[in-house]
Structure formats: structure tokens, C-alpha cells
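J.: Quick check, what structure comes out for this input:
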Amino acid sequence: MPSEEKLVDRALKVLEGNTLSYKGLRVIVPHKRAYPQPFCWDTAFHVMGLNGVNNELAKENIEAILNIQNESGLIPNSPSRRNDMDLRSQPPIIVYAILEYYRETKDILSIRRWYPKIIRYVMWWRREGMAFKNVNLLSPFSGSRDLKALAYKAICSTGMDNHPTYDFCNGKTFKIGKNHYITVFDLLLSSTYILALESLLILSDILGKRLSYLKEELRKAKEDYNTYLWDETNEFYFPLTWNGERIRVRSIQAIISLIAGIPDNRKAKKLVKVLEGEFMCDYGLVSISKRDPKFMSPQPGWLYSKDPYYWRGPIWPPIIVLSVIGLKRYAYFDLAKEIAEGFLRAVEKSGFAEYFTPNGHVGSLKRINFSWTAAAVIYLNKELD
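T.: Next up is the predicted model:
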């Protein structure tokens, strides 16, 4: 469609406008003025948009984000020390983005060079993110130099800075070693960790390496996700506190389980039914069920997001991308197309905002020309071809 081609051209210009030089490499930052340094999961979505469109720039972005990895294996939220962003990470989507890069380019030399860093990153999440070694699920956490806003910093490791899922903690964390944890087995971190494990195993097979212990880890993680987080009565996934209490907030995070192949077909069908009835709108998917009492509710006073409604209902580009991929994995092609087209209408209506209100308007931070929105437009346009 001509209008889609025009939108993609505009998206490419947004990415070009947010491209900076970082330690000798071109890297796309989220927003040249608001966030002028690379961010971990933003970069993953930028790479996914670039794959097959500008493979060389995709490669440089992968190199840049892997180059900020420290000796422990951590790829930080951002290399910035501001708000201790260099002491935590974000959902490990970058491993899947690298797999997609290989599938597009067959650049095995780069994969071989990157592989040690990829496996160290996945093992960092395995070592630090699992507060209980007999439960293969992750909890949000952050290191900290400053005791202020510990819960907020830990929540930021999920990328969803003030999502209602985390209201239960009332601003409190639990310290284990140097890390401050939100005491919950997390939906998004656990599902993206499972996706990272799966992607790493595929890359290992490509390189002729056999990581049998990770195959068992993947099996256990999927099993634990379904054992601990699935609620048969409500036919949905919910986070579980360390005390065994379900956090009954109907979050879009549950739908992200599809991308990692976690639910069986019966559970997937039930998830999709809830998705269609409670999350869909004219412009894609909202981040919390429209029927949930916390939909578009103000954040608690202990949270620090500049926008009180940030992740408490609006439509977010990365979630649209992950949901579309997950739905296609389970062969819900028409639904995936409907969601993608709705999101593209939001961009046509309101520009390349960081996120959109449920009626398709720019989110209240008023940031436009945002990179992951442009990358999502490019990625979804490829998916619709």
C-alpha cells in the first residue's frame, strides 16, 4: 500500500535522526534529546526493525550493545550511571534479535564472535535473576549505589516502569547479596528469559555446540512457568509472590508467553480469547486489561515515573511487536495482522510517539520521533508483506 510505504520511509528517517556514534560504532538511541545513549531492550527492537533493511547498521547496533557488557555478563539497562541504570539490565530480547539477524544474513562469523558474550549474558540472568534456585523463574531486581527508590529501580529491570503488576510491593524490596528484588516471580522477565534460552540453543546448534544442560534448563523453565503462573480458574497467567500469592492484575505480559512457546495450544486459545475481549482496541493492544480496576489508574505515590499512566494502560510499540510474533507462532495470523494494522493507524494518526493512549493519541510525555516506534513500523510492515 502506498501509505504504508510512505510511513516506512518516515520511520527510516526517524532511525537515521536518532543515530549517533558510540565508541566508534553507529548506534540508534531511543531519542536523541531525551535518551541520548543506547538502552538494552530498545536496541533489540531497533535491530529487529533493521534486519533485512539495513543489515550493516543492525550489526553495528548489536556490536555496540554487546560492547557495554561487563565482566559479570551484565548488559546494562544503559551505560549511564544516572539512577543506577548501569547496575541492572532489561528483558533479554537482544538474544532473539541476534538470532533474527543471523536468519536474515547468515553471518556466521559475527555469530561465532558474539557467542561468548551472548552465553555470558544469558547465564548472568540465570545466576542473578533466579532468587530461588529450585524455581526457574526470574524476579525483577537492581543493584544500587543509592538506597533511594529501590523498588522503582528494580521494576525498571522489566522495562515497564510503573505497571500495576508491581503495586503490591508498596515500594519495598528484599535484599539478597548486592541485589534488591521485587518479591515476585515475573511474567515478562521469565518469558523473555525462556525466549533467550531457546534462541541461544538454536545459535549453539548453528555453531555445532551442544549445551544439553541448557536444554534441560529450558524444559524446567517452561514447566515452572505453567506450574506456578497459570491460573486454571481464571484461564490466564498471573505473577506469583514469593509467599505464594497471585497478583491478579490482568497484564499484557501474560500474552508475551506466546513468543516463547510456553503455553500449550489449549492455554494459548484461552489467552487469545482474553486478548480479544479485554486488550484489543482500534489501535492495537493496551498494556493492562480494559476490565481491570487498575486500567488507566494513577500510579502509587512511591513510584517515580514522570507520567502516572505510563505503563498502566497505554499502547506500547515493543509489546505490539512481541505479541504479533507470538500470535503468528501459534498460527493466529489474521489476529496478528489486525493488531499490526491497528498500531500502524496510531502512528499515522499521531506520529512516532514513545507510546500511545488507548484512543491512539500521543502519550502524555509528548515525545515524538521515538526509535522503537519507528523500528516497530518497519518490522510490522515486513510482517504484513
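
J.: Which pLDDT value goes with the closest residue to G313 other than its chain neighbours?
T.: Distance criterion CB to CB, 6 or more residues apart in numbering; nearest residue to G313, sequence neighbours excluded, is M296 at 3.9 Å. In this view, the C-beta of every residue, glycine as well, is placed from N, C-alpha and C. Listed pLDDT for M296 reads 96.

J.: Is M296 within a helix or a strand, and which one?
T.: Assessed by DSSP states H and E, M296 sits outside every helix and strand.

J.: Give me the phi and psi angles of it.
T.: M296 adopts backbone torsions of phi 50, psi 40, taken as degrees, to the nearest 10.

J.: One more: S80?
T.: Per degrees, to the nearest 10, the backbone of S80 is at phi -70, psi 140.

J.: Run through the residues that contact the nearest residue to it once chain neighbours are set aside.
T.: Nearest-residue entry for S80: Q37, 5.4 Å, with adjacent residues in sequence omitted and distances by CB to CB, 6+ apart. By CB atoms under 8 Å, 6 or more residues apart in numbering, the contact list for Q37 reads 22, 29, 78-80.

J.: want to throw those residues into a markdown table with secondary structure and pLDDT?
T.: Converted to a markdown table, those look like this (DSSP: H, G, I helix; E, B strand; the rest coil; pLDDT from 0 to 100):
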| residue | secondary structure | pLDDT |
| --- | --- | --- |
| Y22 | strand | 91 |
| V29 | coil | 98 |
| S78 | coil | 97 |
| P79 | coil | 96 |
| S80 | coil | 94 |
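
J.: what about the strands in the stretch 251-385 of the chain?
T.: Using DSSP state E, counting those that start in this stretch, the strands found in the stretch 251-385 of the chain span residues 280-281, 284-285.

J.: For the strand or helix carrying R120, enumerate the helices and strands it packs against.
T.: Element membership for R120 (DSSP H and E) is helix 108-129. On a contact count with 3 or more CB pairs under 8 Å, 6 or more residues apart in numbering; DSSP states H and E, helix 108-129 meets helix 55-67, helix 93-105, helix 187-206.

J.: which parts of the second one are buried?
T.: Taking 16 or more other CB atoms under 10 Å as the neighbour-count basis, helix 93-105 is seen to contain the buried residues 93-102, 105.

J.: what's the closest of the contacts of Q37 to P300?
T.: Nearest to P300 among those is S78, at 24.6 Å by CB to CB.

J.: since we're on the closest one, how many residues are nearby?
T.: Using other CB atoms under 10 Å, S78 has 23 neighbouring residues.

J.: thinking it is in contact with P38, fair?
T.: Yes: in this structure S78 lies within contact range of P38 using CB atoms under 8 Å: 6.6 Å.

J.: Need the nearest residue in space to K270, chain neighbours excluded.
T.: Distances taken as CB to CB, 6+ apart put E235 closest to K270, at 4.1 Å, once the chain neighbours are dropped.

J.: so that neighbour sits right up against V272, yeah?
T.: No: using CB under 8 Å, E235 is not in contact with V272; the gap is 10.8 Å.

J.: between the two, who's got more neighbours?
T.: Neighbour count, other CB under 10 Å: between E235 and V272, V272 has more, with 18 against 14.

J.: What distance do you get for the residue nearest to S80 to G49?
T.: As judged by CB to CB, to the nearest Å, Q37 and G49 stand 19 Å apart.

J.: Spatially nearest residue to P38, not counting backbone neighbours?
T.: Going by CB to CB, 6+ apart, P38 has V27 as its nearest residue, at 5.0 Å.

J.: in a strand, that's where that neighbour is, yeah?
T.: Yes: judged by DSSP: H, G, I helix; E, B strand; the rest coil, V27 forms part of a strand.

J.: Which pLDDT value goes with it?
T.: Reported pLDDT for V27: 98.

J.: what sits against the spatially most central residue of the chain?
T.: Central residue of the chain (CA atoms, centre = their mean): P91, 5.1 Å from the mean position. By CB under 8 Å, 6+ apart, P91 lies in contact with 41, 158-159, 188-189, 192.

J.: Low-confidence bits of this structure, can you list those?
T.: 1-5, 364 (pLDDT under 70).

J.: For it, which segments count as helices?
T.: Using DSSP state H, the helices found in the chain span residues 2-17, 40-50, 55-67, 93-105, 108-129, 150-155, 187-206, 212-229, 265-274, 317-329, 333-350, 371-384.

J.: The longest one to helix 212-229, inter-axis angle?
T.: An angle of 50 degrees separates the directions of helix 108-129 and helix 212-229 when computed by axes from the mean of the first three to the mean of the last three CA atoms, to 10 degrees.

J.: cool, the third one as well?
T.: If you take the same axes, to 10 degrees, helix 55-67 sits at 80 degrees to helix 212-229.

J.: what's the closest non-adjacent residue to K178?
T.: Spatial nearest neighbour of K178, excluding adjacent residues (CB to CB, 6+ apart): G143 at 5.4 Å.

J.: Please name the residues that touch the one you found.
T.: 84, 87-88, 178-180.

J.: which of those residues are buried?
T.: 84, 87-88, 179-180.

J.: now those in TSV, with distance to G171?
T.: What follows is the buried ones among the contacts of G143, written out as TSV (distance: CB to CB, whole Å):
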residue	distance to G171
D84	16
L87	19
R88	17
N179	17
H180	11
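
J.: from the middle of its chain, how far away would stretch 304-311 be?
T.: In terms of CA atoms, centre = their mean, to the nearest Å, the centre of stretch 304-311 is found 18 Å from the chain centre.
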